[in-house]
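A.B. asks: kindly generate the corresponding structure for this input.
(chains A and B)
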2 protein chains.
Amino acid sequence: MNNNDIKYMQLALKLAKKGVGKVSPNPQVGCVIVRNNKIIATGYHKHFGGSHAEIDALNNCKNPEGATMYVNLEPCCHYNKKTPPCVPEIIKLGIKKVVVAMKDPNPLVSGKGIKQLRVNNVKVEIGILEEEAEKLNETYIKYITKKIPFVILKLAFSIDGKTKTFTGDSKWISSESSRKIVHKLRSITDAILVGSNTVLVDNPSLTSHGIGKNPRRVVLDANLETPFNSNVLNNEAKTIIATSKQSDRKKKEKLSNLGVKILELPDNNGFIDLKKLLVELGKLEISSLIVEGGETVARAFLKARLVDKINFFICPKIINNEKYVKDAIIVKNVSVKKIENDLLYEGYLK
Amino acid sequence: MNNNDIKYMQLALKLAKKGVGKVSPNPQVGCVIVRNNKIIATGYHKHFGGSHAEIDALNNCKNPEGATMYVNLEPCCHYNKKTPPCVPEIIKLGIKKVVVAMKDPNPLVSGKGIKQLRVNNVKVEIGILEEEAEKLNETYIKYITKKIPFVILKLAFSIDGKTKTFTGDSKWISSESSRKIVHKLRSITDAILVGSNTVLVDNPSLTSHGIGKNPRRVVLDANLETPFNSNVLNNEAKTIIATSKQSDRKKKEKLSNLGVKILELPDNNGFIDLKKLLVELGKLEISSLIVEGGETVARAFLKARLVDKINFFICPKIINNEKYVKDAIIVKNVSVKKIENDLLYEGYLK
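C.D. replies: You can find the predicted model right below:
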């Protein structure tokens, strides 16, 4: 691995990122073609169903013969998908070397693409910026291997660990900038999930608030308590309600007629089986899911060990036993230090 | 303010810090004497009752006449203390200019030292690295102006905000390195406070565990429940028990005989008046106090708005509803980003 390899792979990763939120459940892939240490073409996977990054780059390339290709994921070799495989094209057009950040975890590829290239005298190098590549496609890696979505638990809480006051007030614990980041996160995630209690108490719309595309909305609602006039049922995005098999059949029909997708799932004392829910969401090509609460739902996902990643917004307020967020003590001059894996959070109350 | 001023004041601050934990309730002060852009002497306040930094530096200086003095706190001019005032010495020895980071908030000085210097034709410049100087002596500033200790609330909790599991297990939420930092903090603080419940449940010794001097130990114990064989009553450090006026007189006597200082304070339904407690601790020359819990005590100090600073150790564990800390979910690959004043805490659970 030399500095040039790193430089070109960094560019491939940068290009790959342009596909974020547009290619799901496909991976984000970027590609750079280089000859004599000069970039002669670039490409990336722009949207689901569109050309793969390698083909996009080859299409942008006058004469790829003898050149080296940098790509952050092993080129594909399988046929049961929207576009033809990349490996035969790479071979045909005379690329002499392919530098790959990581193997494709897709069981249909998983080393076969690399093998096919090598058998056809294309040199292959693997592992350049592998960690970065894996992080970029963490969602894809989970989904393609487990067939269930990558689950991000998002919570915002005060520095004394409260998502709301004891009276239920939660507006707003986090800053406007943090909420914007959450909207951005929603726009690049396939679906967002809350419990029916959050719908009843906060009546959120769960959209990306105009920042990008809206995720599908999933409401965990064993007893079908979601009111018909809830914001989650507006026409800004598609909605899925996960409910128990026993819940009110008439309501189910009415919701279906409103365009809501009803998922009937086994439950345990009114708690939907979350693992089975994820399997169903996987079947609907939801490869990433943000769980946004409330606390009961968060706890249930944690308890069932179904969370892959946490995104916790820790806010400089001490709610203690105040009734309203506005009465919280504000923490000033916050500084944070890493001590082993702990954080030392220092701040002033006066 | 030029770069040299900053450089010399940084050195004065660095020297001042050497007195940490040794000069309380005095401020930490360092002093640098410079002529023709060359350091000709340095000094600092080494221990309570010892020479002030200015005198220490002047003692180290062959010929201070015409030189410039850098000192992080206004030189003193008052007499009712252990050592004679610095200002007359500075004038007598012919220092021509004094650069001061901050005014002394001590009402007995507070600008009078500066005035006296100027009246005697010593040039004075104020405000170089003022913020750093104020932070260094935050404890002193509070104590000298309010006569009550600077209160640091120290807690260690899991990323889901728990200081213990629902069964009371708390060993260990924080890392060994964090606990060492706490011991270090104890060694430079005048006193440490816990509630009697913490004594009953955890039986801590509340020492600095050999890292430095031990703070005085304060137990909030309205009903005198601290057992006579508790570790807080061992002979490693002095102990103060804050109790109600009504609590058992015989126990009070017995504790006094063991060398424990008993503070009798007004209480409200068994909750000691914390403001009055701080006044009493102030009278005992306790200028800094770490409140280490448990949660009830922490809440009471917060509720009464008596906390100046928080030191929260946020640990990469999710306790959720596990019985034991050892069963907590470990958060891996933690990264932290500042979003306005919020923190975005990202980590992986698998």
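A.B. asks: buried residues in stretch A:293-308, which are they?
C.D. replies: Going by neighbour count (16 or more other Cβ atoms under 10 Å in any protein chain shown), the buried part of stretch A:293-308 is A:293, A:294, A:295, A:297, A:298, A:300, A:301, A:302, A:303, A:306, A:307, A:308. Every C-beta, even on glycine, is put in place using the N, C-alpha and C of the backbone.
A.B. asks: residues in contact with the second one?
C.D. replies: With Cβ atoms under 8 Å, 6 or more residues apart in numbering or on different chains as the criterion, the residues that contact residue A:294 are A:163, A:194, A:195, A:197, A:198, A:201.
A.B. asks: now chain A against chain B: closest residue?
C.D. replies: Nearest residue of chain A to chain B: residue A:161, at 1.8 Å (Cβ to the nearest Cβ).
A.B. asks: surely that residue is in contact with residue B:295?
C.D. replies: No. Contact criterion Cβ atoms under 8 Å: residue A:161 and residue B:295 do not qualify, at 10.6 Å.
A.B. asks: out of the buried residues of stretch A:293-308, who's nearest residue A:135?
C.D. replies: Nearest to residue A:135 out of those is residue A:308 (Cβ to Cβ; 12.1 Å).
A.B. asks: can I get the buried residues of stretch A:293-308 in a markdown table with secondary structure?
C.D. replies: What follows is those, written out as a markdown table (DSSP: H, G, I helix; E, B strand; the rest coil):
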| residue | secondary structure |
| --- | --- |
| A:293 | coil |
| A:294 | coil |
| A:295 | helix |
| A:297 | helix |
| A:298 | helix |
| A:300 | helix |
| A:301 | helix |
| A:302 | helix |
| A:303 | helix |
| A:306 | coil |
| A:307 | coil |
| A:308 | coil |
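A.B. asks: which among those residues gets closest to residue B:211?
C.D. replies: Checking those one by one against residue B:211 (Cβ to Cβ), the nearest turns out to be residue A:302, at 36.1 Å.
A.B. asks: next up, the contacts around that closest one.
C.D. replies: A:153, B:160, B:318, B:320, B:329, B:349.
A.B. asks: now list the buried members of those residues.
C.D. replies: With neighbours counted by 16+ other Cβ under 10 Å, the contacts of residue A:302 contain buried members at A:153, B:160, B:318, B:320, B:329, B:349.
A.B. asks: strands - which of the residues you listed land there?
C.D. replies: A:153, B:318, B:329 (DSSP state E).
A.B. asks: endpoints of stretch A:110-126, how far apart?
C.D. replies: 12 Å (Cα to Cα, to the nearest Å).
A.B. asks: average model confidence for it?
C.D. replies: Mean pLDDT, stretch A:110-126: 95.
A.B. asks: what do you get for stretch A:64-71?
C.D. replies: Stretch A:64-71 carries an average pLDDT of 96.
A.B. asks: and the contacts of stretch A:30-42?
C.D. replies: With Cβ under 8 Å, 6+ apart as the test, stretch A:30-42 has contacts from A:4, A:8-9, A:11-19, A:43-45, A:53-54, A:56-58, A:60-64, A:66-72, A:95.
A.B. asks: next step: these restricted to strands.
C.D. replies: Per DSSP E, the contacts of stretch A:30-42 map to strands at A:43, A:44, A:68, A:69, A:70, A:71.
A.B. asks: which one of those sits closest to residue B:82?
C.D. replies: Nearest to residue B:82 out of the ones in strands among the contacts of stretch A:30-42 is residue A:70 (Cβ to Cβ; 71.6 Å).
A.B. asks: that closest one: neighbour count?
C.D. replies: The number of residues packed near residue A:70 is 31, by other Cβ atoms under 10 Å in any protein chain shown.
A.B. asks: distance of it relative to residue A:124?
C.D. replies: Residue A:70 sits 12 Å away from residue A:124, taking Cβ to Cβ, to the nearest Å as the criterion.
A.B. asks: quickly list what's touching both of these two.
C.D. replies: A:98, A:99.
A.B. asks: thinking again about what came up before, buried only: go through the contacts of stretch A:30-42 for me.
C.D. replies: By 16+ other Cβ under 10 Å, the contacts of stretch A:30-42 give A:8-9, A:11-13, A:15-16, A:19, A:43-45, A:53-54, A:56-58, A:61, A:64, A:67-72, A:95 as buried.
A.B. asks: once you drop chain neighbours, what's closest to residue A:106?
C.D. replies: Nearest non-adjacent residue to residue A:106, counting by Cβ to Cβ, 6 or more residues apart in numbering or on different chains: residue A:144, 4.7 Å away.
A.B. asks: you'd agree the one you found is in a strand?
C.D. replies: No. Assigned with three-state DSSP, residue A:144 falls outside any strand and is helix.
A.B. asks: that older thread, okay, the buried ones among the contacts of residue A:302 in TSV with pLDDT next?
C.D. replies: Shown next, in TSV, are the buried ones among the contacts of residue A:302 (pLDDT from 0 to 100):
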residue	pLDDT
A:153	98
B:160	91
B:318	95
B:320	91
B:329	95
B:349	96
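A.B. asks: just say helix, strand or coil for residue A:243.
C.D. replies: Residue A:243 ends up strand, using three-state DSSP.
A.B. asks: report pLDDT for residue A:1.
C.D. replies: 64.
A.B. asks: picking that back up, ok, the residue nearest to the residue of chain A closest to chain B when sequence neighbours are not counted - contacts?
C.D. replies: Distance criterion Cβ to Cβ, 6+ apart; nearest residue to residue A:161, sequence neighbours excluded, is residue B:161 at 1.8 Å. Counting by Cβ under 8 Å, 6+ apart, residue B:161 touches A:157, A:160, A:161, A:162.
A.B. asks: is residue A:193 bridged to anything, and to what?
C.D. replies: When bridges are called by DSSP bridges, residue A:193 pairs up with residue A:218, residue A:291.
A.B. asks: what's the neighbour count on it?
C.D. replies: Residue A:193 has 29 neighbours, counted by other Cβ under 10 Å.
A.B. asks: identify the residues contacting it.
C.D. replies: Applying Cβ under 8 Å, 6+ apart, the residues near residue A:193 are A:217, A:218, A:219, A:220, A:289, A:290, A:291, A:292, A:297.
A.B. asks: for those, which one is nearest residue A:255?
C.D. replies: Distances from residue A:255 to the contacts of residue A:193, taken by Cβ to Cβ, are shortest for residue A:219, at 10.1 Å.
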